[in-house]
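Participant: Next comes the sequence, and after it the predicted model I'd like to discuss.
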Amino acid sequence: MVHLTQSDSCNISGVIPTDHPSDLAVEYPIVEIFHSVQGEGYHAGIPHVFIRFGTCNLRCEWCDTDFLTFETKNTIDILGEVLKFDCKRVIFTGGEPMLHDLWPLHRLLKARGYNLSVETNGTIPVPEGLIDWVCVSPKDQMYPNVRLEQRRGDELKCVYVGQDLSMYEELQQGFKHIFLQPCYMETESVEWNGKNFAETESIVKQNPSWRLSLQTHKWMGVD
């Protein structure tokens with residue numbers, strides 16, 4: 001965690017005259033904040049600052065995040081970490097970021113010229129105007145009784161675990177870009193994951209409205 005001095009805090013909170021004191025005092029559960037290249041989906045290859053939130057309302061077996069281990073940080077601390085990097089693209093990810101009121105962070109980051117994206121499971125609606133790029137990765141292939149509330153956005157990214165893609169026929173009409181991604185399990189063997197990659201590639205060839213998404217950051221060995 002970055003510990004800011006009183007002078008640092010004043011500099012961060014005083015640069016933008018519209019910063020509201022109540023926004024600067026909001027706290028969030030944060031797993032990590034880091035600068036990396038987006039490894040999957042539409043923006044693969046583009047550097048971003050990732051703000052990974054703790055807590056989630058689902059428990060997917062392939063999740064690679066310990067979202068129950070986090071630090072409580074206020075927005076000044078979060079800004080202090082984000083501003084360390086020469087990058088104006090921020091991704092809210094998790095866990096499930098939409099469990100939290102993101103408007104304070106929205107106001108503080110947009111006032112400083114940041115482009116905001118979110119990666120969400122879609123079970124909680126994304127308020128209009130909050131996010132510049134909405135990526136929904138639905139988990140209804142694992143949770144058929146969980147209602148998907150966010151049915152429109154920029155990017156639909158589905159993890160393939162053998163489900164029939166016809167289940168997304170109506171949903172994909174609300175998105176500009178449609179991706180299918182192999183289920184990657186760090187606890188499984190190279191052979192096990194390789195089989196999933198091959199099956200997903202085959203499914204995409206049979207369904208040309210979908211694009212293949214690979215988690216290239218894992219192949220590179222970076223976050």
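Facilitator: Cool, got the structure. Numbers count the residues shown, from 1 in each chain.

Participant: Does residue 76 touch residue 24 like I think?
Facilitator: Yes. Between residue 76 and residue 24 there is a contact under CB atoms under 8 Å: 5.5 Å. The C-beta positions use only the backbone N, C-alpha and C, and glycine is treated the same way.

Participant: And the longest strand seen in the chain, what does it pack against?
Facilitator: Counting by DSSP state E, the longest strand found in the chain is strand 27-37. Strand 27-37 is packed against strand 47-53, strand 71-74, helix 75-82, with contacts defined by 3 or more CB pairs under 8 Å, 6 or more residues apart in numbering; DSSP states H and E.

Participant: Try it again at 6 Å.
Facilitator: strand 47-53, strand 71-74 (3 or more CB pairs under 6 Å, 6 or more residues apart in numbering; DSSP states H and E).

Participant: What is the burial count for residue 115?
Facilitator: Counted with other CB atoms under 10 Å, the neighbours of residue 115 add up to 15.

Participant: Dig out what it forms beta bridges with.
Facilitator: On the basis of DSSP bridges, residue 115 is bridged to residue 89.

Participant: Let me see the confidence value for it.
Facilitator: You'll see residue 115 listed with a pLDDT of 98.

Participant: Please apply the same query to residue 214.
Facilitator: Confidence at residue 214, expressed as pLDDT, is 88.

Participant: Quick check: the closest residue to residue 192 other than its chain neighbours vs residue 212, distance?
Facilitator: With CB to CB, 6 or more residues apart in numbering as the criterion, residue 192 has its nearest non-adjacent residue at 6.9 Å, and that residue is residue 185. Remark: distance between residue 185 and residue 212 (CB to CB, to the nearest Å) = 18 Å.
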